[in-house]
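K.L.:
turn this into a model:
(chains A and B)
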Number of protein chains: 2
Amino acid sequence: MEQVLFDYLAQYIALNADEKQAIIDLNIFKQYKKGDILLSEGDHSDEGYFVIKGCIRSYFIIDGEEKTTAFYTEAESLEPHCKITKKPSAYFVSCVEDAILIVANSGMEETIFAQFPKFESLCRILSEELLVKNQTDFDSFKTSSPELRYMHLMENRPDLLQRVPQYQIASYLGITAQSLSRIRSRILENKA
Amino acid sequence: MEQVLFDYLAQYIALNADEKQAIIDLNIFKQYKKGDILLSEGDHSDEGYFVIKGCIRSYFIIDGEEKTTAFYTEAESLEPHCKITKKPSAYFVSCVEDAILIVANSGMEETIFAQFPKFESLCRILSEELLVKNQTDFDSFKTSSPELRYMHLMENRPDLLQRVPQYQIASYLGITAQSLSRIRSRILENKA
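P.N.:
Numbers count the residues shown, from 1 in each chain, chains lettered A, B, ... in the order given. Sure, this is the predicted structure:
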């Protein structure tokens, strides 16, 4: 399990045996079942998630209806707002599939930063990359029609279309399940 | 000019006189005129911006049409994607008003990080906060109707509605200028 994490980190920094052991000693690998809820609206939580295996999603419940805002799969990380802002969570996080996650809180991060300052550089670099990814996704969402958004998803995240229920994909694209179904038929017709 | 920056940074870390002088010595304060273009599609640039005074915006040109994606005003910072990814910029950045900006490149950041490691902590914290802000904006955009988006903007960024041309606000909200005008009339009628 550790190897997935170390392979990921190796893209950014070289870790020696002591540094790897310090991570292992934190005991941060956790297993979850499909449907498990990691975070609920109103929760105060200080935990961030890094996906080793599986898929988790964030969603709001607005007027009784779920609105999915993001999916996170292998080697993606989610820092919930409440961890950074110290305010109650505005949304839910749950497991779309059985999952193995790294779950780390701010205290663990500070312990590691004090022991190995290079982890702080790493976290800065990862935050900057996540920021760019998030902005790119937002820009693309804002400048695309729903049909283009779906085609973009087919191109860039074809795995999600297999792994995630249709109604969650629809709300992730900002449309109704009926609109998604119409878009899919239109694309299939054009291909035929 | 420096004081705006130091007041902002004081929310996060205490800087001593040497650290303040190191920032001043970087010679990073620049003045621009309304309409100046800081970054164009296709540019390779290694510069990030922090707004001391004024307003800048990012926009795409798609099929000959401008699509505004973000505005940045006093004490907000923009790290263009191309700075992080080292790829050509996909969008433009220009000045909506005359502006005083801090313009810093990665080389300057590394000089400062090496001299004063606490700046790296600061940048990590700022990146994490920017990430949360961006995700919050994206979540709100995705889960709101255009009318709610406009009401949200009136509530949270009333200054923008005064400072920015209507057509830029419309594309920022993901709608046409005509739709924005209808939404505004509807809201005024409801208030009357």
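
K.L.:
residues touching the spatially most central residue of chain A, list them.
P.N.:
In chain A, the residue lying closest to the centroid (Cα atoms, centre = their mean) is A:Tyr72, at 2.8 Å. With contact set as Cβ atoms under 8 Å, 6 or more residues apart in numbering or on different chains, A:Tyr72 has these partners: A:Tyr49, A:Val51, A:Cys55, A:Ile56, A:Arg57, A:Ser58, A:Leu78. C-beta coordinates here come from the backbone N, C-alpha and C atoms, glycine included.

K.L.:
let's go with 6 Å and repeat that
P.N.:
Contacts here follow Cβ atoms under 6 Å, 6 or more residues apart in numbering or on different chains; on that basis A:Tyr72 touches A:Val51, A:Ile56, A:Leu78.

K.L.:
and those residues as TSV, adding neighbour count, pLDDT and secondary structure?
P.N.:
What follows is the contacts of A:Tyr72, written out as TSV (neighbours: other Cβ atoms under 10 Å in any protein chain shown; pLDDT from 0 to 100; DSSP: H, G, I helix; E, B strand; the rest coil):
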residue	neighbour count	pLDDT	secondary structure
A:Val51	22	93	strand
A:Ile56	23	98	strand
A:Leu78	22	93	strand
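
K.L.:
and of these, the nearest to A:Asn16?
P.N.:
Set against A:Asn16, the nearest of those by Cβ to Cβ is A:Val51 (25.3 Å).

K.L.:
distance check, A:Gln3 against chain B.
P.N.:
Per Cβ to the nearest Cβ, to the nearest Å, A:Gln3 is found 26 Å from chain B.

K.L.:
read off the pLDDT value for that residue.
P.N.:
A:Gln3 carries a pLDDT value of 84.

K.L.:
what about A:Ser121, neighbour count?
P.N.:
19 (other Cβ atoms under 10 Å in any protein chain shown).

K.L.:
starting at the chain centroid, how far to the lowest-mean-pLDDT helix or strand in chain A?
P.N.:
One helix or strand of chain A scores below all others by mean pLDDT, DSSP states H and E: helix A:2-10, with a mean of 86. For helix A:2-10, the separation from the chain centroid amounts to 17 Å (computed by Cα atoms, centre = their mean, to the nearest Å).

K.L.:
which bits of chain A sit near chain B?
P.N.:
Within chain A, the positions near chain B by Cβ under 6 Å from any Cβ of the partner chain are A:60, A:62, A:67, A:69, A:81, A:84, A:120, A:123-124, A:127-128, A:130-132, A:134-135, A:138-139, A:142-143, A:174.

K.L.:
after the least confident helix or strand of chain A, which helix or strand is next?
P.N.:
helix A:17-25 (DSSP states H and E).

K.L.:
can you list contacts of the helix or strand just after that next one?
P.N.:
The helix or strand immediately downstream of helix A:17-25 is strand A:29-32, counting by DSSP H and E. Here strand A:29-32 makes contact (Cβ under 6 Å, 6+ apart) with A:Met1, A:Cys95, A:Ala99, A:Ile100, A:Leu101, A:Val103.

K.L.:
got the CA positions of strand A:29-32 in CSV?
P.N.:
The C-alpha trace of strand A:29-32 is given here as CSV (Å, rounded to 0.1, in the frame of the first residue of the first chain):
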residue,chain,number,x,y,z
PHE,A,29,-3.7,4.1,5.8
LYS,A,30,-7.4,3.3,6.3
GLN,A,31,-9.8,1.1,4.5
TYR,A,32,-13.5,2.0,3.7
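
K.L.:
quick one on the thing from earlier: so among the residues of chain A next to chain B, which ones count as buried?
P.N.:
Buried members of the residues of chain A next to chain B, counted by 16 or more other Cβ atoms under 10 Å in any protein chain shown: A:60, A:67, A:69, A:81, A:84, A:120, A:123-124, A:127-128, A:130-132, A:134-135, A:138-139, A:142-143, A:174.

K.L.:
show me the strands in chain A, by range?
P.N.:
Per DSSP state E, chain A carries strands over the ranges A:29-32, A:37-39, A:47-53, A:56-62, A:65-72, A:77-78, A:92-95, A:99-105.

K.L.:
which secondary structure elements does the helix ranked longest in chain A contact?
P.N.:
The helix spanning the most residues in chain A, taking DSSP state H as the definition, is helix A:118-143. In terms of contacts (3 or more Cβ pairs under 6 Å, 6 or more residues apart in numbering or on different chains; DSSP states H and E), helix A:118-143 is packed against helix A:106-115, strand B:65-72, helix B:81-85, helix B:118-143.

K.L.:
quick check: angle from it to strand A:65-72?
P.N.:
For helix A:118-143 against strand A:65-72, the angle by axes from the mean of the first three to the mean of the last three Cα atoms, to 10 degrees is 130 degrees.

K.L.:
thank you kindly, that will do.
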